[in-house]
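> With the input below, show me the fold.
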Amino acid sequence: DGVEEGTAGRDVDGASGGEAHDPGELARLGRGQAVDPVDGAAREHEFGREALAGGGIHEAHDHRRHDARDPAQAREAIYHWTPDIRDFTNPAQEHDWQMAGLDDLNTENLRVREALRRSYGYWIREAGVDAFRVDTAFYVPPDYFRDFLYADDPQHPGILRVAEATGRRNFHVFGEGFGIDKPFEETQSRKIESFVRGADGKALMPAMINFPLYGTGIDIFAKGRPTREMRHRIETMMRVHESPHLMPSFVDNHDVDRFLANGGMAALQQNLLLIMTLPGIPVIYYGTEQGFTEQRGAMFKTGFGSGGRDRFDESAPLYRSLQSMTALRKSHKLFTHGNPTVLKDSATGAGVLAYRMRHGNADALVLFGATGDLAVRKLFPALYRLALSGRIDVPVIGVATREWDDDQLRAYAREAIEAKNDTIDEGVWSQLAAN
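Residues are numbered from 1 along each chain as shown. Below is the predicted model:
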C-alpha cells in the first residue's frame, strides 16, 4: 500500500520515460487528505513548488542547465552532453548517454546527487510516501544508488535514512530494468541483481522488478513452452536474487502487451496464480481484472480507449478470481514468506508443473496441469499413497485450463486414484479431499 513511482537518477521532473506523477496527487495520497476541486489545482501546484524548492531545485526551467554552448553551464556539468544510446550492450553508453533524446543527468556530479537526495527526502517527510519505484534504473551507474539511499551527509542524508528517521523502517525502493532472459539463461537476472548488490557485496536498492519471471510466464502460459523452463526460472530466482520476496512480479503492465492480447483467459488465470503463490510482491495492472486486451485503455468512459463506457465491474470473472487468489495468498504466510521447491515439470512441452511452498513447519503443494494426463496417471495416485502413509497433510492447490470448481476437481482426482487402487480408504480420501 502507498507505493508511488519515482524517477530518481533520471530527470527529476519525471521526464525519464517513466511515470510523471502530479505533485498534488502524491500529497493527497500521502497525507490522506481530500482536496477541494475548486482550489485543489492551486494547492497542488504550490506543493509541487515546495517539493522542488525543498530539493534545491527551484523551478523546472531554472534547473535545466543543459546548454553546453554556455561556458558556465558546461563547467557546472549538471548533464551529460551525450548522443542517444547506440549500443545497449556498452555500459558506458547505457549509463551516461541519452535515452530516446532525454537529457541525461550527470549522477556522478555531487551537486546533482545532493539535489536528488534533498528533493526525494522532502517527498518522504512532507508527503508521507512509503515507497518509490525507480524507473529506467539500468540507465544509471549502479553505485549511484548507494549514495542516493545511504549517504551519511548530516544535512542531506540518503532517502532510506530519511525514511527511518520518520519511523518508516520498511520503506521500499524498487527499480525497473527491462531484462528478460532466454530459456535456461540468467544473464539478465544477474544484471538486475547488480542493482541490488554491488560487486563488493554491499547493498544498493532493496529490490528490482522481476522481469525474467514475467518473460518466462508469457512463454509457458501464453505460448505453451515446456514447463521445464519455469522450473529453471524459479530455481534461478531463488539462487541469484538475495531478496526474491521483495521483487514486484506481474503478468502485464503499461510498457508491454496485455496478456490477453496473446494468450487466453484460462492461461492468464494460471499465470496470475503463479505470481500469487511464488515469492515476490504481485502487482496487478489496472484493467487486467476486467479482461482488458488494449495496453493503456481507460477504465472509465471519458478516458482514452474506453469505447465510451465505464468498464469497472466487480462481478467480472477475473475480478472475482483475483479476489479468491488474494484471499488464498493472505490465508497463510507460506505464500508471502515461503520458499518454493519444484517437484515436477515437463521437458517436452506444455504440461504439469508442481512445486511445494514451505515456511517454517507449514507446506502447500501447487499443481499446474491438474487435469492433464500426467496428473491422472501419476500425481493424484502418488498423492493418495503419501496420504495413506501419513506423509502428506498440506493444502493442495490444483490449477488447470478447464473451468472447474473444487468439487469437479475432487471427483476427477478420485477417479484417477480409483483407477490405480482396488479399494479406497474413505478416511484417508476425505482428509486428502479436504486439503
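> count of neighbours near the closest residue in space to residue 143 that isn't next to it in sequence?
Distance criterion CB to CB, 6 or more residues apart in numbering; nearest residue to residue 143, sequence neighbours excluded, is residue 198 at 6.3 Å. Bear in mind the C-beta positions are built from the backbone N, C-alpha and C, glycine included. Using other CB atoms under 10 Å, residue 198 has 14 neighbouring residues.
> Pull up the gap between residue 198 and residue 239, please.
According to CB to CB, to the nearest Å, residue 198 and residue 239 sit 19 Å apart.
> The residue nearest to residue 143 contacts residue 144, doesn't it?
No. If you go by CB atoms under 8 Å, residue 198 and residue 144 don't touch, sitting 10.8 Å apart.
> If you count contacts, what does the one helix or strand residue 117 maps to end up packed against?
Using DSSP states H and E, residue 117 sits in helix 110-122. With contacts taken as 3 or more CB pairs under 8 Å, 6 or more residues apart in numbering; DSSP states H and E, helix 110-122 sits against helix 40-54, helix 144-150, helix 159-165.
> avg pLDDT for stretch 254-267?
Stretch 254-267 carries an average pLDDT of 92.
> for that stretch, which positions count as buried?
By neighbour count on 16 or more other CB atoms under 10 Å, the buried set for stretch 254-267 is 256, 258-260, 263, 267.
> sorry, back to before: buried residues in the helix holding residue 117?
For helix 110-122, by 16+ other CB under 10 Å, it's 112-122.
> distance between it and the chain's centre?
With CA atoms, centre = their mean, to the nearest Å as the basis, helix 110-122 stands 26 Å off its chain's centre.
> Grab the CA positions of that helix and hand them over as PDB.
Provided in PDB are the C-alpha atoms of helix 110-122 (Å, rounded to 0.1, in the frame of the first residue of the first chain):
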ATOM      1  CA  LEU A 110      28.000  15.800  -6.300                       C
ATOM      2  CA  ARG A 111      25.600  18.700  -6.700                       C
ATOM      3  CA  VAL A 112      23.200  16.600  -8.700                       C
ATOM      4  CA  ARG A 113      23.300  13.800  -6.100                       C
ATOM      5  CA  GLU A 114      22.700  16.200  -3.200                       C
ATOM      6  CA  ALA A 115      19.700  17.800  -5.100                       C
ATOM      7  CA  LEU A 116      18.100  14.500  -5.700                       C
ATOM      8  CA  ARG A 117      18.500  13.300  -2.100                       C
ATOM      9  CA  ARG A 118      17.000  16.600  -0.900                       C
ATOM     10  CA  SER A 119      14.100  16.500  -3.300                       C
ATOM     11  CA  TYR A 120      13.100  12.900  -2.700                       C
ATOM     12  CA  GLY A 121      13.800  13.200   1.000                       C
ATOM     13  CA  TYR A 122      11.300  16.100   1.000                       C
END
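> Report all helices and strands that the helix or strand following that helix contacts.
For helix 110-122, the following helix or strand on the C-terminal side (DSSP H and E) is strand 131-134. Contact here means 3+ CB pairs under 8 Å, 6+ apart; on that basis strand 131-134 packs against strand 3-6, strand 172-175.
> need the least confident one among these, by mean pLDDT.
For those, where the average pLDDT is lowest is strand 3-6, sitting at a mean of 35.
> you'd agree residue 396 is up against residue 367?
Yes. Here residue 396 reaches residue 367: they are 6.5 Å apart, a contact under CB under 8 Å.
> residue contacts, residue 150?
Residue 150 sits next to 158, 160-161, 203 when contact means CB atoms under 8 Å, 6 or more residues apart in numbering.
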